[in-house]
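Undergrad: can you look at this prediction? I've put the sequence above it.
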Amino acid sequence: MTSRWVLPSVCAVLLTAAFAVPCAQVVGGEQLGEVAGELLRYLCHQRADRALHVAGMPLALCARCCGIYAGCLLIGLVLLTSETDRSHLLWSGITVVATALLIAAQVMLEMGGVMQDH
């Protein structure tokens with residue numbers, strides 16, 4: 001596997017795990033859903049009021065995190081198919097890192113009580 005596959009693969013796994021939680025509960029696989037939910041808790045606040053719902057159950061990622069990972073998956077797939085100019089790879093990487101840093105800063109500010117999540 002080349003490094004070009006890393007971003008889309010990781011994002012696909014995260015989105016699949018997020019959808020596994022409500023789907024597993026619908027078909028009776030609660031343990032699988034609990035494991036996926038626990039793993040994703042480190043990446044998202046998982047507030048049910050901010051999550052997308054499938055079959056009446058919230059996903060294990062909020063709508064914002066689903067959008068971020070879906071966007072990264074889309075970017076990764078586009079980069080996989082483009083064989084010409086690779087200069088945009090640097091800017092794509094900078095964008096992903098900047099997004100991750102902004103989210104981490106928000107989480108730290110909320111945990112420190114400096115900022116409240118409304």
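TA: Everything's here; your move. Numbers count the residues shown, from 1 in each chain.

Undergrad: got the contact list for the helix or strand encompassing Cys23?
TA: Per DSSP states H and E: Cys23 is located in helix 6-27. For helix 6-27, contacts defined as Cβ atoms under 8 Å, 6 or more residues apart in numbering pick out 1, 30-33, 36-37, 39-40, 43, 53-61, 65-66, 69-70, 72-73, 75-77, 79-80, 96. No exception for glycine: its C-beta is placed from N, CA and C like everyone else's.

Undergrad: buried ones in it?
TA: 7-8, 11-12, 14-15, 17-25 (16 or more other Cβ atoms under 10 Å).

Undergrad: now swap in stretch 33-53 and tell me
TA: Neighbour-count burial for stretch 33-53 [16+ other Cβ under 10 Å]: Gly33, Ala36, Gly37, Leu40, Leu43, Cys44, Gln46, Ala51.

Undergrad: which of these fall in strands?
TA: Ala51 (DSSP state E).

Undergrad: of the contacts of helix 6-27, buried ones?
TA: 32-33, 36-37, 40, 43, 57-61, 65-66, 69-70, 72-73, 75-76, 79, 96.

Undergrad: need the longest strand for this protein.
TA: From DSSP E, the single longest strand across the chain is strand 57-62.

Undergrad: that one: partners in the sheet, and parallel or antiparallel?
TA: strand 51-54 (antiparallel) (DSSP bridges).
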